[in-house]
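K.L.:
A structural model of the following input is requested.
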Amino acid sequence: LYLHDNQLNSLPENFAQLQKLETLYLESNQLKSLPENFGQLQRLRRLYLHDNQLNSLPKSFGQLQDLLELHLHNNQLSSLPESFGQLPGLVTLYLTNNQLKSLPKNFGQLRVLWQLDVSKNQLNSLPEDFEQLQRLGYLDLSGNQLNSLPKDFAKLQRLRYLDLSDNQLNSLPENFAQLQNLN
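P.N.:
This is a model prediction of the structure:
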């Protein structure tokens with residue numbers, strides 16, 4: 001379903017009745033929120049919500065169990081729902097240019113996440129379970145307010161790309177040099 005590049009500022013409550021929907025393009029609209037039952041779109045695999053005005057996501061978001069790819073960059077998100085860590089198949093996640101101050105505590109449960117871009121936010125720390133993102137190959141944390149990294153950060157052994165520029169880091173973990181796959 002292609003609804004991008006319009007001037008939508010909301011979706012009808014019954015939008016979640018599109019039960020067979022697998023790909024949804026809603027980028028470049030004026031959406032400020034999503035219906036509370038949005039998580040009922042359980043076959044959704046690819047979701048493009050970038051370049052909107054979203055400031056929050058519904059709690060039901062974690063019900064999108066088949067979601068592989070999620071584009072939320074260029075919004076106004078200040079937090080993500082705790083249910084976010086319940087997206088077991090998420091591989092690609094773009095959160096660039098929002099107002100995130102933290103990531104959910106269970107963020108490390110996104111075990112198959114390969115590409116994560118959380119640049120240009122207001123993160124000052126990462127969740128304790130962040131090192132559980134064992135499949136992470138691409139990580140952009142630039143333009144945040146990080147002053148340290150988790151002590152087990154080097155467990156992210158598959159990292160090939162890492163951008164930590166424009167933060168407030170004053171030290172790196174002792175085992176940082178164990179990130180042998182960085183190009």
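
K.L.:
and Ala154, what is it in contact with?
P.N.:
Ala154 makes contact with 173, 175-179, according to Cβ atoms under 8 Å, 6 or more residues apart in numbering. (Each C-beta comes from the backbone N, C-alpha and C, glycine too.)

K.L.:
how many other residues sit next to Gln45?
P.N.:
Rather than Gln, residue 45 is Arg. Residues lying near Arg45 (other Cβ atoms under 10 Å) number 14.

K.L.:
in terms of contact, does Leu34 touch Pro58 like I think?
P.N.:
Yes: under the criterion of Cβ atoms under 8 Å, Leu34 makes contact with Pro58 at 5.5 Å.

K.L.:
Comparing the two, which residue is more hemmed in?
P.N.:
Leu34 (22 against 17).

K.L.:
can you pull the contacts of the closest residue to Leu8 other than its chain neighbours?
P.N.:
In this structure, Leu8 finds its nearest non-sequential neighbour in Asn29, 4.2 Å apart by Cβ to Cβ, 6 or more residues apart in numbering. The contact partners of Asn29, by Cβ under 8 Å, 6+ apart, come to 3-9, 51-52.
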